[in-house]
Structures are given as structure tokens and as C-alpha cells.
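In: all I have is the shape, not the residue letters:
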């Protein structure tokens, strides 16, 4: 069994490649829920939905999130009432949020609902939220104002400078049922190419997760989301720089070194291999740009080859 720590688009693309290499039923995805929010009375889980839609073959290929061919008539109607529409929810996408919110109100756990949504969309990969308890990423902007992650990422378009990031509620959170068991029993654990600060950071902050990974560090391999000093998608490079970290594959290695034995980096960063290995993290160089299903599968194969006894 392969366990993958997941953020959003990058993780979704990696998982879509991995299912071409490993039987889907033998893959467990532990997904960040720090991005989750409540809008219009509905519980929205952006990373869970992005991963689920991608594995179901339904994601919008142009954005990497949302549903292909979706419309936004409900958002247009909401605007007429003066309702907030900066977070665009498609008409078909709303069905997922309506179902989730209804089931949570009935007393179901988030992990139960995630399994039901995945099954309803024909996804065989087992997808687990990192926790059933609420953990919310909070971003302190330059000047001191603190905002919810989606306000920073979507409403402000991550265009403002950041002073700090924290994960509200994480100290009291428990790993969702099955998370620690998957991390302990997996043949390999992969940290997908996701923002190391706000996508992987919340997962590692859940009590028990980092300790479990540290105990099996040699069989944990990560894929750098930073290539040639820039994030392929999103503000990971800028966030790292603003938080005083090196916005490069070396900086990713330093951040993940306590829990990760090997970092897979793109060929554009071959010159950084020595500096990465100085952080006590092994380095594997390959093509990490998942521009096609074939490239995603090739990356998945190379990642598994990097794990002793698995490849």
C-alpha cells in the first residue's frame, strides 16, 4: 500500500499518475483540510474536492479545480442579492457541498462523507481528511491583520505580503480514523508536490503525523513543488521567501528533513543536489513537470523507485 500526503492540484495530478502504476485500491490519500471554509452555510473542502474530482476524471482541465463544463448561474443570482461571490462555486459543484453539509449536520464525520463522495464519483483510491476535527489555516498579513486562508488565497489573490501562518485548532485535533494506521503500515509514504507551508504543513502539524513519519523516515519520499526557484502553481515560493525560508528545492528539503528521507527534484535543479544532500535528505533528479498523464505516471514510477525495497 502507498500512502500519499496531499494538498490540491499538484497532489491530484500526482495521484492520477500513481493510479496508472499502482492499483487504486492500494493507495491511500491523506488530504489537507486546513483550507476548508464555510460559505453560505456550506462546508467547502477545496483540496478534498480537487483530488476527488481529478481522480474521477471530472476536474476542469484548464484550472485544475472545479468541474469541467460547470456553469455559475447560482453565483450570478447570489450577486443580485448582494451575497459574497468572490469564491466561485459552480452549479454542479454546489451539489457536493450541499451533500457534505447535510451529512455533517446529520452527525456524519468528515471522513465518512469524503468516502461517500468518492464512492459516488467512482473513485477507488481511499481518501482520508487529515482530521475530522476543524483545523483552519490562518494567515497574518504584513501589518498584523490575520485572515482566513481562503480570504488570502482567493479574495486577495495571494497578492499581499505574509508575516506568519498558523493552524488554528491543530493542537486539539486528532488524526482522522485510519490516518496513522495508513502512515505506519504503508510500503512507502509520498509527500506529493504541494505547497510545503499551507498544504503539507497542516497535515504534518496534526498530532502524531510527524512523529509517525519520523520513525520511518527512510521510506518517506517527497516531490519538490518548487522548480528552478519558482512554484509551478500558487504562492509557495513567495510564501517561503516572506517567511524567511529559501524558496528553492533546498528550502523544501530543509523544511521536510525531519520526516523525509529523499526529495525528488526536477532536472532544472540538478545543480542543487549537493546542497540538498547536505540537509541529510537524499536527492533524486528527474522530470517532475506533470504536463501529461504519461509524465505523471513516469514521475510516480520514479518516486516509488526511490523508496528502498519498493521500487
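Out: Great, that's in hand. Small disclaimer: the values here were computed from a predicted structure and weren't measured.

In: ends of stretch 233-248, how far apart?
Out: One end of stretch 233-248 to the other measures 14 Å (C-alpha to C-alpha, to the nearest Å).

In: hang on, I meant stretch 271-279
Out: 15 Å.

In: just the helices in the stretch 51-200 of the chain please.
Out: Counting by DSSP state H, counting those that start in this stretch, the segments of the stretch 51-200 of the chain that form helices are 73-80, 93-105, 110-120, 149-150, 179-185, 200-205.

In: out of those, which is the most enclosed?
Out: Of those, the one with the most neighbours on average (mean count of other C-beta atoms under 10 Å) is helix 200-205, at a mean of 24. Placement of C-beta: from N, CA and C, glycine included.

In: rewinding a little: do you know which of the helices of the stretch 51-200 of the chain lies nearest residue 1?
Out: The closest of the helices of the stretch 51-200 of the chain to residue 1 is helix 179-185. By C-beta to C-beta, the value is 6.6 Å.

In: now for the helices of the stretch 51-200 of the chain, which one comes closest to residue 133?
Out: helix 110-120 (8.7 Å).

In: which other residues reach that closest one?
Out: Where contact means C-beta atoms under 8 Å, 6 or more residues apart in numbering, the residues beyond helix 110-120 that reach it are 31, 33, 45, 48, 52, 55-56, 96, 99-100, 103-104, 108, 125-129, 131-132, 176-178.

In: next, residue 239: secondary structure please.
Out: Following DSSP: H, G, I helix; E, B strand; the rest coil, the label given to residue 239 is helix.

In: quick one, which of the helices of the stretch 51-200 of the chain is nearest to residue 232?
Out: Of all the helices of the stretch 51-200 of the chain, helix 200-205 comes closest under C-beta to C-beta, at 14.9 Å.

In: out of the contacts of helix 110-120, which are inside strands?
Out: Under the assignment DSSP state E, the contacts of helix 110-120 contribute 31, 126-129 to strands.

In: neighbour-wise, which of these leads?
Out: residue 31 (32 neighbours; other C-beta atoms under 10 Å).

In: any chance you could map the strands in the stretch 151-300 of the chain?
Out: 162-168, 188-191, 220-223, 226-227, 230-231, 262-266, 282-286 (DSSP state E, counting those that start in this stretch).

In: mean pLDDT lowest for which of those strands?
Out: Of all the strands of the stretch 151-300 of the chain, strand 230-231 carries the lowest average pLDDT, namely a mean of 93.

In: direction included, what does that one pair against?
Out: Strand 230-231 has the following strand partners under DSSP bridges: strand 226-227 (antiparallel).

In: what does the strand it pairs with contact?
Out: Strand 226-227 is contacted by residues 236-237, 240, 247-249, 251-252, 265-266, 268-269, 288-289 when judged by C-beta under 8 Å, 6+ apart.

In: can we see that at 6 Å?
Out: 237, 248-249, 252, 266, 268 (C-beta atoms under 6 Å, 6 or more residues apart in numbering).

In: for the residues you listed, give me JSON lines that also has neighbour count.
Out: Converted to JSON lines, the contacts of strand 226-227 look like this (neighbours: other C-beta atoms under 10 Å):
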{"residue": "237", "neighbour count": "22"}
{"residue": "248", "neighbour count": "23"}
{"residue": "249", "neighbour count": "28"}
{"residue": "252", "neighbour count": "30"}
{"residue": "266", "neighbour count": "21"}
{"residue": "268", "neighbour count": "16"}
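
In: coming back round to it: what's the closest of the helices of the stretch 51-200 of the chain to residue 61?
Out: Minimum separation from residue 61 across the helices of the stretch 51-200 of the chain (C-beta to C-beta) falls at helix 93-105, 15.2 Å.

In: in stretch 33-46, what's buried?
Out: Neighbour-count burial for stretch 33-46, counted by 16 or more other C-beta atoms under 10 Å, picks out 33-37, 42-46.
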